[in-house]
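1. Structure of the sequence below:
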Amino acid sequence: MSGERKRDVVTTGLLATWGMATLVLVFCVVLLVFEMIQKGQDPLDMSILPDRPVPALPGSQPDAASTMQDVLVYFANEDGALLSAEPRKLIHSAEYTVANCRAALEALIAGPSAPLTPLVSPNVKIRGIYLLEGNELVVDLSRDLELTHPKSATAELLMVRGIVTTLTQDVLRGSQETGVQRVRFLFEGSPQDGFPSHLDLSNPVQPDPAWLESAPATAGNG
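-> Residues are numbered from 1 along each chain as shown. Here you go, the predicted structure:
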């Protein structure tokens with residue numbers, strides 16, 4: 001068989017395989033559409049897709065009922081051993097807990113006023129915040145945190161405890177969503193992978209008052 005004849009045979013075989021795969025795909029799509037119609041569903045209606053938590057978008061506008069609210073943001077004290085609260089006036093969404101948690105976390109990342117000690121670098125970015133069932137908040141942070149954070153058990157504990165204590169305040173709760181009782185950490189969309197190196201963050205973290213320098217004042221309306 002000549003070389004040209006062999007190329008024709010190979011080309012014909014590839015085209016046949018591609019055609020068969022296309023037919024199978026079309027058949028599967030038709031079958032799926034038929035099944036949806038049988039169930040009374042519109043195949044073009046995107047609202048039938050399962051709900052998934054949607055991260056709050058950076059710079060998203062607050063709802064119309066937003067006000068200014070006194071919120072406690074937690075940083076390390078001067079000794080770097082315990083957490084100390086710093087009151088901040090933040091834009092407060094009357095409806096959405098996630099929006100309020102994002103505002104509080106942005107204030108924590110921005111850093112404290114002297115003489116308190118920041119818990120994370122201001123270069124850290126919030127990739128997403130998700131509120132799940134069971135009062136669990138998922139916080140997805142950028143890898144800048146790993147690159148800039150001190151490699152010590154105390155610093156890692158204070159960072160985690162400061163974020164959790166800040167975000168589990170009842171004052172952050174909106175009317176359309178639940179409050180936060182525990183926080184799960186992700187880094188670049190993935191669970192713990194080598195950072196923090198001294199902690200196990202495979203499970204969500206609850207607040208622990210033992211890390212507070214003193215009993216915090218209750219935040220209220222500004």
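
2. tell me the contacts of the closest residue to residue 167 other than its chain neighbours?
-> Nearest residue to residue 167, sequence neighbours excluded (CB to CB, 6 or more residues apart in numbering): residue 101, at 5.0 Å. In this view, the C-beta of every residue, glycine as well, is placed from N, C-alpha and C. By CB atoms under 8 Å, 6 or more residues apart in numbering, residue 101 lies in contact with 56, 129, 131, 137, 167, 172, 180.

3. Make sure residue 101 is indeed in a helix.
-> Yes. If the criterion is DSSP: H, G, I helix; E, B strand; the rest coil, then residue 101 is within a helix.

4. Residue 87 versus that one, what's the distance?
-> 17 Å (CB to CB, to the nearest Å).

5. Kindly report the same for residue 153.
-> For residue 153 relative to residue 87 (CB to CB), the value is 29 Å.

6. Let me know how buried residue 152 is, in neighbour terms.
-> 13 (other CB atoms under 10 Å).

7. go on, residue 73?
-> The tally of other residues near residue 73 (other CB under 10 Å) stands at 27.

8. Let me know the pLDDT of it.
-> Listed pLDDT for residue 73 reads 98.

9. residue contacts, it?
-> Applying CB under 8 Å, 6+ apart, the residues near residue 73 are 85, 86, 87, 88, 104, 107, 108, 112, 166.

10. Now intersect these with the helices, please.
-> If you go by DSSP state H, those have 104, 107, 108, 166 in helices.

11. Considering those, which is situated nearest to residue 141?
-> Closest approach to residue 141 among the ones in helices among the contacts of residue 73 (CB to CB): residue 108, at 11.1 Å.

12. my read: the closest one touches residue 166, true?
-> Yes. Assessed by CB atoms under 8 Å, residue 108 is found in contact with residue 166 at 5.5 Å.

13. okay, residue 151: pLDDT?
-> Predicted confidence (pLDDT) for residue 151: 71.

14. Okay, now the unreliable bits of this structure?
-> Across the chain, the ranges flagged by pLDDT under 70 are 1-11, 13-16, 18-19, 21, 24-65, 149, 192-198, 215-222.

15. TSV please, covering the contacts of residue 73 and showing neighbour count and distance to residue 76.
-> As requested, the contacts of residue 73 are arranged in TSV below (neighbours: other CB atoms under 10 Å; distance: CB to CB, whole Å):
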residue	neighbour count	distance to residue 76
85	24	11
86	16	11
87	14	16
88	20	16
104	24	17
107	17	15
108	24	11
112	20	8
166	27	12
